[in-house]
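*Asks:* Pasting the sequence and the predicted model now:
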Amino acid sequence: MHRPTAALGAAISLALLLSACGQSAPPPPPAPQVTVATPVKRKIIDRDEYVGRFVAIDTVEIRARVSGYLDKVHFTDGQLVKAGDLLFTLDQRPFQAALDQARADLARAKSQADLANADLARAQTLIAQKTIAESLYDQRVQAKRAADAALQAAEAAVKTNELNLEFTELRAPVSGRIGDRRVSPGNLVTGTTTGGQTLLATVVSIDPIRFEFTFDEASYLRYQRIAKDAGKADERGTKLPVELRLLDEKAFEHKGSIDFVDNVIDATSGTIRGRAQFANPTALFTPGMFGRIRVPGSAEYEALLVPDTAIGTEQIRKFVYVVDGENTVRQKYLELGTLQGNLRVIRSGLEPGDRVIVNGLMRARAGAKVTPLTEEQMKAQQQQQQQKK
């Protein structure tokens, strides 16, 4: 009973196998599409970035030259002032009185000098006629000299008291922003020249302003060689154009120039101090403010650049995927340079004609086949698909 059934099953299996052998295998899936682009050729300058701080060109402490009681304050704390603006006034009455006394002493000294001159003139006439003794003539000469000396002393006293009266008005020595007043009206201000002068306020210049930063010895040597190659070794990197951005800015939009490089390298840190100058007409930059400066680190040269997003990382090595003539993905290791916007400078490892995969990296692997399309071809294909829909 079971033998015919088994034979029938075997016959059916054989027929199915023979019919399957007559059909073709399913086609392999198409190679994945990737977007490729050749490296961009561009003349660039490498730039180094450093963090630094703004400093004022002029910082002046306002201190009185004479002692007295503070009478008036002529500014608002923190305001911008111009050179020559009146800031403080001391009580002028004692100094005016001293000046009036000195002028009175000067008038008396002039009168005595005039009298001594007249006496000497008469004595010269009489001595010529031999009607007075020579000793009396000598006394008249000495009296005239004493009167002249007293006159000079009185004139000096007047100038001194005029200066003291002038010093009771304290004016801004430079243009800039003044801080808060340290002394209120009515307080005694000490103005001795031997020290201990009372600090009244501080003025810092604002426009232009300087930016100080430090860089290492290797960078210093590189800048020196760049200046030497440009025939400007004596400038030591000064006059180089620089760019700056503040902590809340993304672009280096402020332009300035290097105006000073220190003459010694700090033995402790191995760095040297540099300084740049920037215009500050809106008073945006404030002394003590941090910023980031970008300094030219090379002469201009032609470089290859690729999108920074196309670069992969394998441990400590950087690479890109390129597509060869047979549409096979190859891996190329690179030596990277600086970042120029969203493009990365490639120092070595890439050829100008290489087709670099810039989009579709997740679908690419070394040794696999791909369908490379340029960005224009990819856009055209997408438009066709949208039209079909």
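*Replies:* All right, it came through fine. Numbering: from 1, shown residues only.
*Asks:* Just confirm residue 66 is within a helix.
*Replies:* No. Using DSSP: H, G, I helix; E, B strand; the rest coil, the secondary structure at residue 66 is coil, not a helix.
*Asks:* Show me the beta-bridge partners of the residue nearest in space to the middle of the chain.
*Replies:* Nearest residue to the geometric centre of the chain (Cα atoms, centre = their mean): residue 211, 3.3 Å. Assessed by DSSP bridges, residue 211 has beta-bridge partners residue 54, residue 276.
*Asks:* I'd like to know which elements the longest strand along the chain is packed against.
*Replies:* When the chain is scanned for its longest strand (criterion: DSSP state E), the result is strand 329-340. Packing partners of strand 329-340 (3 or more Cβ pairs under 8 Å, 6 or more residues apart in numbering; DSSP states H and E): strand 40-44, strand 317-323, strand 343-348. Backbone N, C-alpha and C define where each C-beta goes, glycine included.
*Asks:* helix or strand right after the worst-scoring helix or strand of the chain on mean pLDDT?
*Replies:* Ranked by mean pLDDT, DSSP states H and E, the helix or strand of the chain with the weakest confidence is helix 2-21, at a mean of 52. For helix 2-21, the following helix or strand on the C-terminal side (DSSP states H and E) is strand 33-37.
*Asks:* now the angle between strand 329-340 and that next one, please.
*Replies:* Interaxial angle, strand 33-37 versus strand 329-340 (axes from the mean of the first three to the mean of the last three Cα atoms, to 10 degrees): 50 degrees.
*Asks:* Strand 33-37 pairs with which strands?
*Replies:* Partners of strand 33-37 in the sheet, by DSSP bridges, are strand 355-359 (antiparallel), strand 371-373 (parallel).
*Asks:* So for it, what gets flagged as buried?
*Replies:* Within strand 33-37, the residues that count as buried by 16 or more other Cβ atoms under 10 Å are 34, 35, 36, 37.
*Asks:* Among these, which one lies nearest to residue 386?
*Replies:* Distance ranking of the buried residues of strand 33-37 against residue 386, using Cβ to Cβ, places residue 35 first at 17.6 Å.
*Asks:* pLDDT value on the nearest residue to that closest one once chain neighbours are set aside, please?
*Replies:* Residue nearest to residue 35 in three dimensions, not counting chain neighbours: residue 359, with 3.6 Å by Cβ to Cβ, 6 or more residues apart in numbering. We have a pLDDT of 87 for residue 359.
*Asks:* Over to residue 365?
*Replies:* If you check residue 365, the pLDDT there is 86.
*Asks:* Same question for the one 5 residues further on.
*Replies:* With respect to pLDDT, residue 370 has a value of 86.
*Asks:* Correct me if wrong: it contacts residue 363.
*Replies:* Yes. Between residue 370 and residue 363 there is a contact under Cβ atoms under 8 Å: 7.2 Å.
*Asks:* anything in contact with each of these two?
*Replies:* Among the neighbours of residue 370, those also in contact with residue 363 (Cβ atoms under 8 Å, 6 or more residues apart in numbering) are 32, 33, 34.
*Asks:* Pipe these into JSON lines and attach pLDDT per row.
*Replies:* JSON lines is the format used below for those (pLDDT from 0 to 100):
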{"residue": "32", "pLDDT": "83"}
{"residue": "33", "pLDDT": "83"}
{"residue": "34", "pLDDT": "85"}
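*Asks:* now, which of those sits nearest residue 303?
*Replies:* When the shared contacts of residue 370 and residue 363 are compared for distance to residue 303 (Cβ to Cβ), residue 34 comes out closest, at 24.4 Å.
*Asks:* show me where the chain has helices.
*Replies:* Ranges of helices in the chain, per DSSP state H, are 2-21, 93-129, 134-167, 217-229, 375-388.
*Asks:* just so I know, which of these lies nearest residue 293?
*Replies:* Residue 293 lies closest to helix 217-229 among the helices of the chain, at 12.4 Å (Cβ to Cβ).
*Asks:* Please point out which parts of stretch 367-377 sit buried.
*Replies:* Within stretch 367-377, the residues that qualify as buried by neighbour count (16+ other Cβ under 10 Å) are 370, 372, 373.
*Asks:* Residue ranges in the chain under the pLDDT threshold?
*Replies:* 1-27, 193-195, 230-237, 389 (pLDDT under 70).
*Asks:* quick check: domain ranges of it?
*Replies:* The chain is divided into the following domains under automatic domain parsing: 33-42+302-388, 47-57+210-296, 93-166.
*Asks:* Same list (these) but as TSV, adding distance to residue 177.
*Replies:* Listed next are the domains of the chain as TSV, based on distance: least, Cβ to Cβ, whole Å:
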stretch	distance to residue 177
domain 33-42+302-388	36
domain 47-57+210-296	7
domain 93-166	25
